[in-house]
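Chemist: Predicted model, plus sequence, below.
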Amino acid sequence: MTTFKFKRATAALLLSTIALPALAEDVTITVWAGGSNDADAYRIDAIEIAADMLEREAAIEGRELNITVEGKRDFGGWEEFKQGVTLAAEAGTAPNIVVTSHLDIAPWSQAGYIVPAEDYLDFDAWPLNDIYPNLLEIAAYNGIQWGLPQDAESRPFFFWKDTMRGIGYSDEDIAALPDKIASGEYTLQNVLEDAKKAVDAGLVEEGYGFYPRPSNGPDYAQFYQSFGGQLQDPETGKLVLDKAAMEAFYQFFADAVDAGITRKNHLGTDWGQWYSEVANGKAATWHGGTWHYARYTGKEGNEDFFGTIEFSLIPAGNENGRANTITHPLVYLVTDQENDDHEDIAAQLVKIASEPRLNSLHAIKSAHLGIGQQQSNIELYANDRWASEATERLLVSANAQPNNLDYGAFSEAMFKGLEAAWTGVKTPADAVAELESELNAKLGDNLIVR
Amino acid sequence: MPRFNALGFGFLAPAMIVVTLFFLAPVILTVFFAFTNMSTSTGITGGEYLLTQSDLREVKASGVSEETYDKLENAGYVVDETGLALLAEARDQATADELADLHAGAQFSSRRDMERALKDLRANRIRSTRDRKALAELFTSSVMDERFQTEEEFRAALTAASIPEADQNILVKVAYTGWVWTTENMKLLFSLDSSWRYAMNTLFYVVFTLTFNVGFGLFLAISTFYLPSGIANTFRTIWFLPRILPPVLYVLMWYWLTWDTGIISSFMSWFGVAPRNWMLDTATNAWIVVILINGFVGASLGMILFSSAIRTIPASMLYASEVDGANRWQQIRYIILPQLRWPILFTSSYQTLSLLTSFEYILLATDGGPGGATEVWALAAYHTALNNYGGNLQYGLGAAYALVLVVIGIVTSALYLRFFNFKDLVAKPRIEQ
């Protein structure tokens, strides 16, 4: 059933069915989690724990409810996962719960693949009233609360401390960097200078002064914001192309290549190689995500993270911009099913999985950030230096990419332009000109050009 | 005498099924998709009727009356007589009376506020969240944010909200969530600068890869023809490897060869050349690698076809030419090449068509990089229709890209058949006439 507000006629009917004595019920709830590896196992495991809880609650109320949770997270990548979910939804066999990017809410809600969490859950009640309002906002679209944030993260800028010492920074200078960046005193221009010094001094190899993420992702929108770019106009909800900011952002990467601090063919570097290099000091500066902590200190064997790496917001680019970071939370979404009761059970499960104690299991195991305020009262979370410092230093200043049907086209085109400027195929100005004509043609009325 | 032969037809049936399933059906679907605005958000199977906040912007620009717009924008929840009567019916009179005492006449802009009002009930508490949500809906007459399965249902709701017929027609159009027929994809395709670049990239890719394929295939076939058969077979087997290796593995070996930590870089470092990525360093590098990767795969097919064709040339002709004093080059030029016309036709047309639509090796190797330099048409179609970080896949636009390839493919085949005089080549042997 796809009507997501109960109609008058069905309301009475519904109430009468709920009053009937319930019989033993066997329900299978499938959970598909995109972009998840072993460290993210609690995206599914938390639903299993929640199912156990819900069964016990039902038993106490005298109902026999048996929930089998079937989880799947071994997808080839985001594309395969998204195609899998949409095709399954078209065929009427969608998994009950999906864990995915908040950007999918706009297209999937429009297509009717998902149902609003607010149809089943009371957001004034525990534990949903404890979730950070800005994270809830990210899981809402068109004024409707479609899902629940599953985790939070943010995307910091990193410095390798030894290299910074090598170009003349004292330990105090390094410790003061995050604040100087937040206040706009230390900018991306300083990054260019310091990275150049590190390369010239031979502390890092050429091309390793500034070592960005090797593929497209939300991270690059941060640099657009660093130069004063705005992604969405808050008044009208339209997407914004700020040409000056976009060109300055492209120019920064072109300058980094010209200065020899970033490799011209950096994009497409193998992720495995990339992780191992940044975690072991081969790069002077780079940017990544809060969840990288688990990888650096785990698989890559950096045993002294805080002694070797300093982290901060992404610095401002010029006086128009600001230091910033983007959070790109994954969300729990409940899909449209034939049987409304199954939608209800799925919604109850994601609600229970959002309890601070359960969410902390995921947050700490996968080095993500928490979703609720009370998590700072859970020892597991509070005792974790990374989670608490990153929450404090980054999450408070974080914004998200807009939930907008055209954002996918916008971000793909923005990255294509960046790639062209970065690799020297086009000048930044030409790349912006082509971006403008392409976005105008594709987005039309949904775009504001400044 | 020609007559209907059931057995022959039976033998043909599997081929007909395969052609229908793997050629005809995809082509028909491509044509069909290309003229729709289909995307993730419209779904594939059809649509419903839904007005959301972002639709309101479009509604405002579309010329509905002020009155209708206000009605949509300001519609909320009212605790009125109708709603209370429905509540009494769904629950009981006492609940309705208590709510009337607390909130009679109240207006709420959001469902959450209406639910909060229901939570205020003390004597007749509504404990279940789900019940409360269902009951809150008794107090709205809004058509916003509600999904209607059919146009009739939607129009009925609009009529109930007393929205005039003229405005209804506009709203029905805006609210439809499914795909609609459109020619916008084609217009967009021909207006984008990037389309022309992809077209030029594709032309460049097909011409150079084809030349390499056929030329290198011919070279291998002819040179191995003049070798002793044991050595010739060894060489042919080696050159056949690229085709039988799984593409992912084959491209991985190119990575090992070309990356800045790879074989070429390590070798060149002995001569003081700084390591660099020989695959992605410049557009020229990328093109050379892309053409070689595809070229070696294609050349092996040409080699096999040409080799077997050369063997069918009567050896007596070659002996006779040697007696007449022809050298190797003259043998090739005047005996072998003229008799390879049919295999060359076949290989060229087959390879042109397969190169036009092939993108898997490029996807694996450069993914269109650096900076879109090796993005060919088929790869752009794939990226548009099936690859989007933001989640809204453009099936319709992607199909429009693919449709262009279908048209070019059919036209090219027709041209090839004419150019190589296909009818003559498949004419019945004179002896049977």
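Modeler: Structure's in. What do you need?

Chemist: got the residues of the stretch 301-433 of chain B near chain A?
Modeler: Within the stretch 301-433 of chain B, the positions near chain A by Cβ under 8 Å from any Cβ of the partner chain are B:366-367, B:369-373, B:383, B:386-394. C-beta here means a position set from N, CA and C on the backbone, and glycine is covered the same way.

Chemist: For the residue nearest to the spatial centre of chain A, which non-adjacent residue is spatially closest?
Modeler: Chain A has A:H328 as the residue nearest its centroid, 1.8 Å off, counting by Cα atoms, centre = their mean. Spatial nearest neighbour of A:H328, excluding adjacent residues (Cβ to Cβ, 6 or more residues apart in numbering or on different chains): A:P218 at 4.5 Å.

Chemist: and the one you found, how many neighbours?
Modeler: 21 (other Cβ atoms under 10 Å in any protein chain shown).

Chemist: re earlier: and the residue nearest to the centre of chain A, how far from chain B?
Modeler: As defined by Cβ to the nearest Cβ, to the nearest Å, A:H328 lies at a distance of 10 Å from chain B.

Chemist: cool, A:N440 as well?
Modeler: Computed as Cβ to the nearest Cβ, the A:N440 to chain B distance reads 10 Å.

Chemist: how about that residue, what does it touch?
Modeler: A:L447, A:V449 (Cβ atoms under 8 Å, 6 or more residues apart in numbering or on different chains).

Chemist: quick one: it is in a helix?
Modeler: Yes - with DSSP: H, G, I helix; E, B strand; the rest coil as the criterion, A:N440 is part of a helix.

Chemist: Now list the buried members of the residues of the stretch 301-433 of chain B next to chain A.
Modeler: B:366-367, B:369-373, B:383, B:387-394 (16 or more other Cβ atoms under 10 Å in any protein chain shown).

Chemist: from those, which single one is nearest B:V411?
Modeler: For these, the residue nearest B:V411 by Cβ to Cβ is B:H383; the value is 24.5 Å.

Chemist: Chain neighbours aside, what residue packs nearest to the closest one?
Modeler: Nearest to B:H383 is B:G368, by Cβ to Cβ, 6+ apart, at 7.3 Å.

Chemist: And for B:Y49, the neighbour number?
Modeler: Residues near B:Y49, counting by other Cβ under 10 Å: 25.

Chemist: Oh, that last question was meant for B:L356, not what I typed.
Modeler: 22.

Chemist: Spit out the contact partners of it.
Modeler: B:T202, B:V206, B:W377, B:A378, B:L405, B:I408, B:G409, B:T412.

Chemist: Surely A:Q189 is in a helix?
Modeler: Yes - assignment of A:Q189 by three-state DSSP places it within a helix.

Chemist: how about low-confidence regions in the chain?
Modeler: I went with chain A, as the question did not name one. A:1-23 (pLDDT under 70).

Chemist: not quite, I wanted chain B
Modeler: B:1-4, B:420, B:422, B:425-433.

Chemist: excluding its backbone neighbours, what's nearest the closest residue to chain B within chain A?
Modeler: Nearest residue of chain A to chain B, counting by Cβ to the nearest Cβ: A:G408, 2.4 Å away. Excluding the flanking residues, the one nearest A:G408 by Cβ to Cβ, 6+ apart is B:G390, at 2.4 Å.

Chemist: Which parts of chain B are strands?
Modeler: B:77-78, B:107-108 (DSSP state E).

Chemist: re earlier: and the contacts of B:L356, which two are the farthest apart?
Modeler: B:A378 and B:T412 (14.2 Å).

Chemist: Those two - which one has more neighbours?
Modeler: Shown here are B:A378 and B:T412; by other Cβ under 10 Å, B:A378 has more neighbours (22 against 15).

Chemist: Hmm, that one is touching B:T357, no?
Modeler: Yes - here B:A378 lies in contact with B:T357, judged by Cβ atoms under 8 Å, at a distance of 5.1 Å.
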